[in-house]
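Q: predicted model follows, preceded by the sequence.
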Amino acid sequence: MKKIIIYSFVLFLFAVLKVNAQQFNSIRSIEQVNSVGIKLKPVEKEKDTITKVKIVRDTMFAINSLPDKEPLEISSLPIDRLILTSSFGLRIHPVLGAVKFHNGIDLSAGQADIYSVLHGTVVVSSYDNIIGNYVVVNHGLYETTYGHLSVRFVKVGDLVKAGTVLGISGTTGRVTGEHLHFIVKFKGNSINPLPFLKEILSVNRKDQLTDFLTQNR
């Protein structure tokens, strides 16, 4: 009888504990759900991957530097060593022996690189019996011509910058020796290239050069 009572008590105790455990667990679950801090992933703003590019429509100078960070020269000599062998104006022609107007200057050269003096567009790249292989670059109101080249590296329509190699000096056309025949024209008329070179080489800002090149003289 005593064993039965003890057994019954144990069953009763077990049942009570089970109920409490169920209540405890259910309450605990509610507490866990309510007390869990759910961290919402912050909404990231879409990164703007579009790079705003300002397009400058300037036929003379578009940018201060090229995409590879190479500095853009404002102006250049037409040849590395400027040695004058024949001046602008009237002279005795070395081939014809008569007084003729020399529409440019002759610069001593020996298979030298010939450079565009300014930014511009190639409007002529051809051959002539007198001036030989030659290139003409338009700079707006001004044009520069490079004659007696042995080879030409540019074609009509090419955009060039100051310092672009247009060709190599030579003896093509009517010459007595190798040299560069350099012509500068303003609004279609030949002018003395030496003051022109001095002017474009003395400025150090593109706005100054633009002012000079766009002035109606």
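A: That came in fine, so what should we check first?
Q: can we go C-alpha only for contacts and neighbour counts from here?
A: OK.
Q: can you pull out the low-pLDDT segments for this structure?
A: 1-72, 95-96, 217 (pLDDT under 70).
Q: any idea which strand is longest in it?
A: For the chain, the strand with the greatest residue count under DSSP state E is strand 142-152.
Q: for the very next helix or strand once past that one, packing partners?
A: Using DSSP states H and E, the next helix or strand after strand 142-152 towards the C-terminus is strand 159-160. Applying 3 or more C-alpha pairs under 8 Å, 6 or more residues apart in numbering; DSSP states H and E, one finds that strand 159-160 contacts strand 120-128.
Q: thinking again about what came up before, what comes into contact with the longest strand of the chain?
A: 111, 114, 117, 125, 131-138, 166-173, 175, 178-188, 213 (C-alpha atoms under 8 Å, 6 or more residues apart in numbering).
Q: now swap in stretch 119-133 and tell me
A: 59-61, 74-75, 134-140, 147-152, 154-162, 171-174, 181.
Q: buried subset of those residues?
A: When the contacts of stretch 119-133 are checked for burial by 16 or more other C-alpha atoms under 10 Å, the buried set is 60-61, 74-75, 134-140, 147-152, 154-155, 159-162, 171-173, 181.
Q: related to what we said a few turns ago, now the longest strand of the chain against strand 120-128, angle please.
A: Interaxial angle of strand 142-152 relative to strand 120-128 (axes from the mean of the first three to the mean of the last three C-alpha atoms, to 10 degrees): 50 degrees.
Q: ok, strand 142-152: who's next to it in the sheet?
A: strand 132-138 (antiparallel), strand 165-169 (antiparallel), strand 179-186 (antiparallel) (DSSP bridges).
Q: next, the residue lying closest to A98 once chain neighbours are set aside: phi, psi?
A: Leaving aside its sequence neighbours, A98 sits nearest to I92 (C-alpha to C-alpha, 6 or more residues apart in numbering; 5.2 Å). I92 adopts backbone torsions of phi -90, psi 120, taken as degrees, to the nearest 10.
Q: dump the residue contacts of I92.
A: Neighbours of I92 in contact, by C-alpha under 8 Å, 6+ apart: 98-100.
Q: select from these the one having the most neighbours.
A: Greatest neighbour count in the contacts of I92, by other C-alpha atoms under 10 Å, goes to K100: 13 neighbours.
Q: show me where the chain has helices.
A: Along the chain, counting by DSSP state H, helices occupy 2-35, 193-202, 206-214.
Q: and the longest strand of the chain with helix 206-214, angle?
A: Taking the same axes, to 10 degrees, strand 142-152 and helix 206-214 form an angle of 100 degrees between their directions.
Q: could I have stretch 93-102 exported to PDB, CA atoms only?
A: In PDB, the C-alpha atoms belonging to stretch 93-102 read as follows (Å, rounded to 0.1, in the frame of the first residue of the first chain):
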ATOM      1  CA  HIS A  93      65.800  82.500-105.900                       C
ATOM      2  CA  PRO A  94      68.500  79.900-105.400                       C
ATOM      3  CA  VAL A  95      67.400  77.800-108.400                       C
ATOM      4  CA  LEU A  96      66.000  80.400-110.800                       C
ATOM      5  CA  GLY A  97      68.500  83.200-110.000                       C
ATOM      6  CA  ALA A  98      65.900  85.900-110.100                       C
ATOM      7  CA  VAL A  99      64.400  88.100-107.500                       C
ATOM      8  CA  LYS A 100      61.300  86.300-106.200                       C
ATOM      9  CA  PHE A 101      59.000  86.700-103.200                       C
ATOM     10  CA  HIS A 102      59.700  84.000-100.700                       C
END
